[in-house]
Each structure stands twice: as C-alpha cells, then as structure tokens.
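Enquirer: structure for this input, please:
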Amino acid sequence: MSIKLKQFLLDAEDKAFDLEHRQKIRFNIGKYNAAVQNGMAAYEHHELARERASFLKTQTINNLDKYLVEFENNFTKRGGKVIWAQNAEEALREIGTIMKRKRAKSVVKSKSMSTEEIHLNEFLEKNGVETLETDLGEYIVQLAGQRPYHIVTPAMHMSKKDISELFTKKLGIPRTDDAQQLVLTARKLLREKYTQAEVGISGANFLIADIGGIAVTENEGNARLSTTFPKTHIAIVGIEKLIPSMLDLDLFWPLLSTSGTGQNVTIYNTILTGPRQPTEKDGPEEMYVVLLDNGRTNLLAQPEQREALNCIRCGACLNVCPVYKNIGGHTYETTYSGPIGSVITPHLAGMEEHKHLSYASSLCGACTSVCPVKINLHNLLLLNRKQSVEEGLVDKNEKLAFKFWAKGMQHRRLLNFAPASVKNFVLGHVQKETWSKRREPLKAAPLSFNEMWRKQRKND
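Expert: Numbers count the residues shown, from 1 in each chain. Down below sits the predicted model:
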C-alpha cells in the first residue's frame with residue numbers, strides 16, 4: 001500500500017465521521033444545489049445545450065494542435081507573448097525569469113487552479129516575491145495556510161465563525177458575526193495591494209482561438225483589478241481550455257455559471273486579448289500567456305479517456321458526489337478533487353501514486369448526469385482502474401486473492417473442497433481492515449449453492 005493511499009484512507013475515515021465537517025459541507029452544498037435547480041429553469045433545452053457543448057469541446061480537443069497554433073498567432077499579433085510549458089518546472093522557471101527582469105517584489109493573483117497545480121505561490125515566496133490571493137475564498141485559505149477545498153468555492157469547509165476567528169488571529173480585528181464586515185475587512189486590505197504590485201497573475205476559464213484572447217469569469221471583480229493595475233500580466237492556462245470562437249462563449253459562459261453556482265451568468269466576464277494598445281487607457285504594458293501541458297498530453301494520448309479534457313471546471317460533479325460530500329476536498333491531497341480530480345489526477349500527476357482516487361467512487365453516475373459537457377465520468381473512473389491493472393500497478397496480495405478467486409470460479413470442485421470454516425478464516429483476514437471495521441463480517445454459508453442443489457436433487 002502506497003504512502004498516499006494510506007494517508008488518503010486515514011483522512012477519509014477521519015472526515016467521514018466528523019459530524020461538524022459534514023454539517024458545514026451539506027449546508028453549503030445544499031445552497032448551491034438549490035440555486036442550480038432554480039438556474040436550470042432559464043433553459044428551455046438544457047440537454048441540447050449540453051450536447052452542443054460536448055460536441056464543440058470534443059472537436060476542439062481532437063484538433064488541439066491546430067487551435068493552439070491559431071491562438072498563438074492571433075495573440076502575438078496584438079503584442080502578447082506566449083510561453084509553452086511542458087511541465088510545472090518549465091512554467092515556474094519562465095515565470096521566475098519574468099519576475100527577475102521586472103524586479104518584482106509583489107504579485108496580486110486572481111483565482112486560478114492551474115497556479116495551484118504548479119505550486120506557484122510557494123515558488124514565488126521562496127524567491128522573495130510577496131504573493132497575495134485577491135479572490136476572497138482564496139485569500140481566506142491562504143491566511144489559513146491551506147489548499148483550496150473546492151474548485152469553485154475554496155473556503156467551502158469553513159463557517160462564518162471559523163473565518164471570523166481566523167481574521168481575529170491573523171489580522172487582529174475584533175470577532176464579529178457580520179459577514180459583510182468580514183468582507184469589507186478583506187476588501188480594504190486587498191485594495192491597497194492592486195496599485196502596489198508590479199505583476200498581476202491570473203488563470204483563464206477559456207482560451208479563444210479565433211481572436212487570440214483569454215476569457216475570465218468571476219463574481220468579485222478582483223480578476224479585473226489584478227490584470228489592470230500591474231504593468232505586467234501573466235496568465236497561466238491549461239492547454240485544454242481552448243474554444244474555437246468568441247461566439248462560443250454565448251454557450252459556455254451560461255453553462256459554466258449555471259452548473260456551478262446557479263447564476264444565469266456570473267457578474268464579471270472579461271475578454272483579454274493582449275497588452276494595452278496605443279488607443280487604450282488602461283491595462284498592462286506586457287501580457288504573457290503560459291500554455292501549460294503538465295501531463296495533459298498524456299491524457300490526450302488515451303483515445304478512450306481524453307474526453308476528460310473537455311472539463312470546464314464548473315464544480316458541478318463535486319456538489320453531487322456522495323464521496324466528496326463525506327470525505328471533503330482536502331482528503332484527496334491533489335489540486336483537483338471530486339470525480340473530475342479522480343479522473344484526471346492519475347494522468348497529470350502519475351498513475352502509480354494516484355490510482356487509488358479512481359477507486360474512491362460509488363460509480364452512481366450522479367457526476368455524469370450533471371456535467372455540462374457530458375463527460376462520462378463514472379466510465380472514465382473504470383477505465384482508469386483498468387489501466388492501472390494493465391500497467392501492473394496492483395498490490396501483490398490483491399492480485400493473489402483474485403487469482404485464487406478466479407480459480408475457484410472456474411473450478412467448482414476446488415471451491416467446494418474447502419470447508420466453510422476455511423473460507424470464513426480467509427474472508428475474516430481480507431475484511432479485517434476494510435468491510436469489518438464498521439459492519440458485521442461477511443460469512444460463507446455452511447454449504448455452497450452447488451452443494452445444496454445436489455443434496456436437494458438427491459433427496460428428491
């Protein structure tokens with residue numbers, strides 16, 4: 001058993017029986033689910049929108065090389081600069097070079113999962129650059145020294161009381177139950193930083209090939225401030241975020257927001273196509289887009305599994321997943337948690353160390369049913385399991401157990417030969433640290449069905 005798997009099992013058990021944690025998550029996710037249900041009423045043909053989005057993303061992923069080159073050509077025409085990063089190390093090295101050239105001492109950063117993926121904050125801090133998260137949820141978990149809990153809502157696991165205590169401890173403010181006061185405290189501290197920072201860093205929800213732009217979706221306006229005031233803007237974006245045309249945003253923006261938060265569209269939707277032009281009044285003097293691979297082409301090389309790259313990071317699959325709701329986002333110990341994280345992480349970060357995530361699922365299919373781009377998530381989890389077995393990444397005891405089981409299934413006499421006491425001894429050993437920890441142990445019947453059938457026939 002790997003170290004990561006052992007830790008996962010310990011953390012999962014701890015969180016699954018933490019009633020306070022469960023109460024917080026069910027309350028917060030419950031609010032999202034209610035909002036999403038209301039938001040869906042705006043769609044006359046939601047299923048048709050999902051079908052169209054799935055088709056467009058699949059076509060784009062299947063022609064990723066063409067659209068990436070188109071994006072680069074159009075973006076550089078307006079003075080933007082593109083950096084191709086094969087992995088996290090290359091991305092960090094190039095970003096570090098820009099920081100040195102700009103003599104940057106501080107960075108303001110909007111919400112971005114790709115920067116979490118490459119551990120950008122830790123890298124910048126080690127190199128003497130102050131990095132401040134400007135999204136409220138990200139700012140809260142940064143103060144707490146934690147990783148984001150949820151793709152859309154980083155501080156979902158924290159109550160208003162938890163945040164108040166954190167602000168009192170870290171910022172020295174009096175305790176308060178007033179959520180508005182907590183928000184105003186954070187806003188006051190953050191506003192000063194936008195004008196002081198030399199560099200602004202963001203992610204992007206979409207890369208738009210035909211205009212060479214990035215689209216950023218948010219509800220707080222902090223991304224606009226982070227990309228407008230600093231003289232240099234760096235966007236770190238996964239190569240799978242491409243869509244062919246700006247016109248496709250009329251489909252993807254509503255799908256993203258409605259599936260994630262229940263809104264028809266988020267409050268701020270911004271398209272950035274490069275540095276400030278001579279006729280423009282604001283914006284950065286330089287703009288870079290780091291196109292991040294970091295294992296994505298590993299997934300692209302799997303014809304049956306590459307549809308996972310269609311993901312638009314709405315977080316809907318996390319909100320309906322019974323496993324996620326019980327064990328929480330931090331238990332996964334990865335950038336991307338929940339069903340989509342369990343699907344893509346083994347390909348992005350290594351199958352051997354992360355294959356256990358693909359087994360952390362009930363395969364109920366709820367994630368597949370809500371995905372706005374119709375990714376067949378529960379089937380992809382099965383394909384990951386299959387791949388891990390084909391690559392020989394199976395525990396020796398597990399392999400041996402299945403070998404004996406297969407022999408028994410293929411040869412009834414062998415199965416009948418062992419008495420029930422022997423079978424129960426083996427079952428007891430196998431179940432000791434799994435099934436039997438919380439349930440009555442499974443026991444073999446005194447006679448197998450085959451034996452009972454023959455006995456009945458004999459009596460007849």
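Enquirer: can we go C-alpha only for contacts and neighbour counts from here?
Expert: Noted.
Enquirer: pull the number of nearby residues for residue 120.
Expert: The number of residues packed near residue 120 is 19, by other CA atoms under 10 Å.
Enquirer: show me the contacts for the spatially closest residue to it that is not a sequence neighbour.
Expert: Counting by CA to CA, 6 or more residues apart in numbering, residue 92 is the residue found nearest to residue 120 once chain neighbours are left out, at 7.0 Å. If you count contacts by CA atoms under 8 Å, 6 or more residues apart in numbering, residue 92 has them with 118, 120, 123.
Enquirer: check for me that residue 92 belongs to a strand.
Expert: No - read with DSSP: H, G, I helix; E, B strand; the rest coil, residue 92 is helix and lies in no strand.
Enquirer: where do the strands of the stretch 1-150 of the chain begin and end?
Expert: Taking DSSP state E, counting those that start in this stretch as the test, the strands found in the stretch 1-150 of the chain are 81-85, 106-109, 130-133.
Enquirer: which positions in the longest one come out as buried?
Expert: It refers to strand 81-85. For strand 81-85, the neighbour count (16 or more other CA atoms under 10 Å) marks 81, 82, 83, 85 as buried.
Enquirer: list just the nearest of those to residue 197.
Expert: Compare each of these with residue 197 using CA to CA and the shortest gap goes to residue 81, at 20.3 Å.
Enquirer: who are the packing partners of the longest helix seen in the chain?
Expert: Criterion DSSP state H: the longest helix present in the chain is helix 19-39. Counting contacts by 3 or more CA pairs under 8 Å, 6 or more residues apart in numbering; DSSP states H and E, helix 19-39 packs against helix 3-16, helix 249-261, helix 316-320, helix 322-327.
Enquirer: elements contacting the next helix or strand after the second one?
Expert: The element immediately downstream of helix 249-261 (helix or strand, assigned by DSSP states H and E) is strand 268-272. Applying 3+ CA pairs under 8 Å, 6+ apart, one finds that strand 268-272 contacts strand 213-218.
Enquirer: what's in contact with the helix or strand following the strand it packs on?
Expert: Next along the chain after strand 213-218, taking DSSP H and E as the criterion, comes helix 222-228. For helix 222-228, the external contacting residues (CA under 8 Å, 6+ apart) are 108-111, 134-135, 194, 200-202, 216, 233, 270, 282-284.
Enquirer: redo that, cut-off 6 Å
Expert: 108, 110, 134, 200, 233, 283, 284 (CA atoms under 6 Å, 6 or more residues apart in numbering).
Enquirer: just stretch 418-434 next, same as before
Expert: 443, 444, 446.
Enquirer: can you show me the CA trace of that stretch as PDB?
Expert: Taking C-alpha atoms only, stretch 418-434 is exported to PDB below (Å, rounded to 0.1, in the frame of the first residue of the first chain):
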ATOM      1  CA  ALA A 418     -12.600 -26.000   1.100                       C
ATOM      2  CA  PRO A 419     -15.000 -26.200   4.200                       C
ATOM      3  CA  ALA A 420     -16.900 -23.100   5.300                       C
ATOM      4  CA  SER A 421     -14.500 -22.700   8.300                       C
ATOM      5  CA  VAL A 422     -11.600 -22.200   6.000                       C
ATOM      6  CA  LYS A 423     -13.500 -19.800   3.700                       C
ATOM      7  CA  ASN A 424     -14.500 -17.700   6.800                       C
ATOM      8  CA  PHE A 425     -10.900 -17.600   8.000                       C
ATOM      9  CA  VAL A 426      -9.800 -16.200   4.700                       C
ATOM     10  CA  LEU A 427     -12.700 -13.800   4.500                       C
ATOM     11  CA  GLY A 428     -12.100 -12.600   8.000                       C
ATOM     12  CA  HIS A 429      -8.500 -11.800   7.200                       C
ATOM     13  CA  VAL A 430      -9.400 -10.000   4.000                       C
ATOM     14  CA  GLN A 431     -12.200  -7.900   5.600                       C
ATOM     15  CA  LYS A 432     -10.400  -7.100   8.900                       C
ATOM     16  CA  GLU A 433      -9.200  -3.600   7.900                       C
ATOM     17  CA  THR A 434     -11.900  -2.800   5.400                       C
END
